[in-house]
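> After the sequence you'll find the predicted model.
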Amino acid sequence: MTATSCCSHADADLPVELHSTLTCPRCGAASLQTMPEDACLWFFTCPSCGAELRPLPGDCCVFCSYGSVPCPPIQRQRQQQAASARR
């Protein structure tokens with residue numbers, strides 16, 4: 001998924017979780033972060049070891065790769081897909 005399709009602003013009024021715990025794949029440190037509602041975060045520096053986290057291939061942002069909760073745009077996309085499947 002590209003960052004462009006991830007960060008669409010459609011249905012911005014759907015409820016989303018805005019906190020995600022990022023876990024560093026290098027040192028295992030966990031850090032609670034507030035996610036932007038309408039954008040993807042492509043870089044994050046681990047506060048413990050200094051490693052620069054970048055999204056894994058196929059993910060739009062560091063929250064989708066290393067977070068306990070995916071980014072808000074992906075949460076909204078999944079909500080839309082679930083609503084369409086129920087129709």
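The structure has been received and is ready for your questions. Residues are numbered from 1 along each chain as shown.
> pretty sure Ala85 is in a strand, no?
No. Counting by DSSP: H, G, I helix; E, B strand; the rest coil, Ala85 is not found in a strand; it is helix.
> Please report the distance of it from Leu32.
31 Å (CB to CB, to the nearest Å). For the C-beta atoms, the positions are set from N, CA and C on the backbone; glycine is no exception.
> Next: Gln79.
Where Leu32 is concerned, Gln79 sits at a distance of 23 Å (CB to CB).
> Of these two, which one has the most company?
Gln79 (14 against 9; other CB atoms under 10 Å).
> partners of Ala30 in the sheet?
Here Ala30 sits in beta bridges with Thr23, going by DSSP bridges.
> Just the pLDDT at it, thanks.
Here the pLDDT value assigned to Ala30 is 98.
> tally of neighbours for Thr23?
Residues near Thr23, counting by other CB under 10 Å, number 16.
> would you say Gln79 is within a helix?
Yes. Membership of Gln79 in a helix is supported by three-state DSSP.
> This structure: helices as residue ranges?
In the chain, the helices defined using DSSP state H lie at 3-6, 62-66, 72-86.
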